[in-house]
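S.K.: Structure for this input, please:
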Amino acid sequence: MTDQLPDERPQRRREYSGPASTLGLAALVIAVVGFALWWFEFRDDPSAGTARSAGGLGVIALPDDLNPTGQPPAAREGRAAPNFRLAALDGGPRSLDEFRGSWVLLNFWASWCGPCRAETPDLQEFHSRNLDRGIAVIGVNQQEDAATARQFTAQFGVTYPILLDTSGAVSQAYRTGVGGLPMTVLVDPQGVIQRIYLGRITWDQLSELEAQLP
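M.R.: Okay, the predicted model is just below:
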C-alpha cells in the first residue's frame, strides 16, 4: 500500500472554479443590498409610534383619536403623517400634532442643498401671504447644528418655524432618502398627507396650492 504523499505546494492558489461562482456571489450581494434598501426606505415603519432620539425627540406616537385613516402612519399620500417632536431653532420643542386643524407644508431641507436655497424665498413668500388662512409652513432641517440653520434663516429672512432633526430620525421616517432633498409634504387639517413634492417646490406649484386651499 502506497502512503499518500504530502502536498508539495501547500501555499498554491486554489484553482479558478469558473464564472458561475463569481456571478452567483455578485447576485447574492445585489440581492442583500436591494433587500436592505427596501427594508429601510420602502416598508411601512411599525416603529413610527416610538421616540427614536434622546429626550423624547424624534418620531413619537400618534394617538389613535388623531388618526382618521385606521392605518399606521406612513410617508405616503392618503396616510396619516408620522408624528414627531423636534427642538425648534428658536424656542422649545414642537410636535406635528400641535398644528392639527391647520394645513401644514412640511419642508425638509439642508443649507448645503442648492435647490433648498432656491426654493426658500418662495416658501417664505407663501408663508407671509397665508399667515391668516390657517396654513402653516414648517421647515425641518436635516442633521445640521443650530448655528448653521440660524445662519441660513438669517440669510433668507425666514420667519416660519424651523425644527432641527439632528439625529435624522424624522427625515428617515419621511423617506427623504428616496428622492433626496428638498422634499415638501402637504398635510391636511386632519393630519393626512395629501401630496408629496419631490425636489424643489416651485412658485407655480405654491400659487396653485394657494388657490386650491380654502
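S.K.: how about low-confidence regions in this structure?
M.R.: Across the chain, the ranges flagged by pLDDT under 70 are 1-54.
S.K.: please redo it, this time with the cut-off set to 80
M.R.: 1-55 (pLDDT under 80).
S.K.: residue ranges of the helices in it, please?
M.R.: 19-37, 114-129, 146-156, 169-173, 176-179, 203-212 (DSSP state H).
S.K.: Need these in a markdown table (columns: distance to Asp97 and mean neighbour count).
M.R.: For every residue, glycine as well, the C-beta is placed using N, CA and C. Converted to a markdown table, these look like this (distance: least, CB to CB, whole Å; neighbours: other CB atoms under 10 Å):
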| stretch | distance to Asp97 | mean neighbour count |
| --- | --- | --- |
| helix 19-37 | 30 | 10 |
| helix 114-129 | 20 | 17 |
| helix 146-156 | 23 | 15 |
| helix 169-173 | 13 | 22 |
| helix 176-179 | 20 | 16 |
| helix 203-212 | 22 | 13 |
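S.K.: In JSON lines: those, plus distance to Asp90.
M.R.: Output for these, formatted as JSON lines (distance: least, CB to CB, whole Å):
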{"stretch": "helix 19-37", "distance to Asp90": "36"}
{"stretch": "helix 114-129", "distance to Asp90": "15"}
{"stretch": "helix 146-156", "distance to Asp90": "8"}
{"stretch": "helix 169-173", "distance to Asp90": "18"}
{"stretch": "helix 176-179", "distance to Asp90": "23"}
{"stretch": "helix 203-212", "distance to Asp90": "24"}
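S.K.: count of residues packed around Asn141?
M.R.: 26 (other CB atoms under 10 Å).
S.K.: and if you look at Gln194?
M.R.: By other CB under 10 Å, neighbour count at Gln194 equals 15.
S.K.: Any figure for the gap between it and Gly55?
M.R.: Computed as CB to CB, to the nearest Å, the Gln194 to Gly55 distance reads 31 Å.
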